[in-house]
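# Sequence and computational prediction follow.
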Amino acid sequence: MPVKAKKATIAKKAKKAKKAKTLAVKKTAKKSAAKKSRAKKTVKKHKEGKRKPAKESLKRAANKRATKKPAEKTAWKVSPENSQSVVEIDIWKKEDLTIEFLKVYRSGWIIVDQIPDLSGYNPDQGVDIFEEFEFDEHELHDASEETSIFPNELPAEERERLLTVSEEELADEGWTLESVTRFSGPLLVEQV
């Protein structure tokens, strides 16, 4: 075989060997790619893919959602307009006897979550706040006057004794308590 032919045959064999080696590397790469998890492939595709910029209207909507403040809760403060228009009444009852302990406060207020309907409110009668309103917060300020009302059937000595007895002792003696807190006169309703 001439030398030129030998060189050509060797070159062909080298080329085939190089091609076989390249194919082997590609097969190995395909096998290792097949072993990658689906998630990695998906991430890779997303990284390689082209993304379109978001439309301006979508950007504005996303910004509105992100910057939107939570809805503020509205509350209303109800209080008597005049001083000393808050009365707390403790009514003690035993059989057919009733004793009332009245405490007048300089002022007070309640916080309600809806504007109250005062269309049927009579300022002269006032309103029992625990019966008419649902509220979580209230406050009474500066008790200025206390009065006790006893039935005429009770002798003076018994009245004096009952004034010195604690609420617990009254309950032990069979008296039951009912409490009422009343606002009277014109009422102020303010948003807080």
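In hand now; what should we look at?
# Quick check: buried residues in the longest strand belonging to the chain?
Scanning the chain for the strand with the most residues, using DSSP state E, yields strand 97-112. By neighbour count on 16 or more other CB atoms under 10 Å, the buried set for strand 97-112 is 99-105, 107-112. C-beta here means a position set from N, CA and C on the backbone, and glycine is covered the same way.
# same thing with stretch 146-154?
Quick answer for stretch 146-154 (16+ other CB under 10 Å): F150.
# ok, then the element right after the longest strand of the chain?
Proceeding N to C from strand 97-112, the next assigned helix or strand is strand 127-128, under DSSP states H and E.
# other SSEs contacting that following strand?
strand 176-183 (3 or more CB pairs under 8 Å, 6 or more residues apart in numbering; DSSP states H and E).
# who's in contact with the residue nearest to T176 when sequence neighbours are not counted?
Take T176 and drop its neighbours on the chain: the residue closest to it by CB to CB, 6 or more residues apart in numbering is K93, 5.3 Å away. Contact analysis of K93 by CB atoms under 8 Å, 6 or more residues apart in numbering lists I99, W175, T176, E178.
# Show me what the first one bridges to in the sheet.
Under the criterion DSSP bridges, I99 forms beta bridges with W92.
# How about the contacts made by it?
I91, W92, K93, S148, I149, F150, P151, L154, L162, W175.
# Retrieve the pLDDT associated with it.
I99 carries a pLDDT value of 94.
# Quick check: it vs E178, distance?
Distance of I99 to E178, computed by CB to CB, to the nearest Å: 11 Å.
# so what's in contact with those two at the same time?
Common contacts of I99 and E178 (CB under 8 Å, 6+ apart): I91, K93.
# just to revisit the earlier point, got JSON lines for the contacts of K93, with distance to I129 too?
Shown next, in JSON lines, are those (distance: CB to CB, whole Å):
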{"residue": "I99", "distance to I129": "22"}
{"residue": "W175", "distance to I129": "24"}
{"residue": "T176", "distance to I129": "21"}
{"residue": "E178", "distance to I129": "15"}
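# Go ahead and confirm Y105 touches V86.
Yes. Counting by CB atoms under 8 Å, Y105 touches V86, with 4.1 Å between them.
# Overlap in contacts, those two.
Joint contacts of Y105 and V86 (CB under 8 Å, 6+ apart) are L140.
# pLDDT-wise, which helix or strand of this structure ranks last?
Lowest by mean pLDDT, DSSP states H and E among the helices and strands of the chain is helix 38-48, with a mean of 54.
# give the contact list for R159.
S148, F150.
# Look at it and report its pLDDT.
Per the predicted model, pLDDT is 92 at R159.
# Residue ranges in the protein under the pLDDT threshold?
Within the chain, the segments meeting pLDDT under 70 span 1-55, 57-59, 61-73.
# re earlier: please list only the buried members of the contacts of K93.
I99, W175.
# Hmm, I149 and L102 touching each other?
Yes. Using CB under 8 Å, L102 makes contact with I149 at a distance of 7.1 Å.
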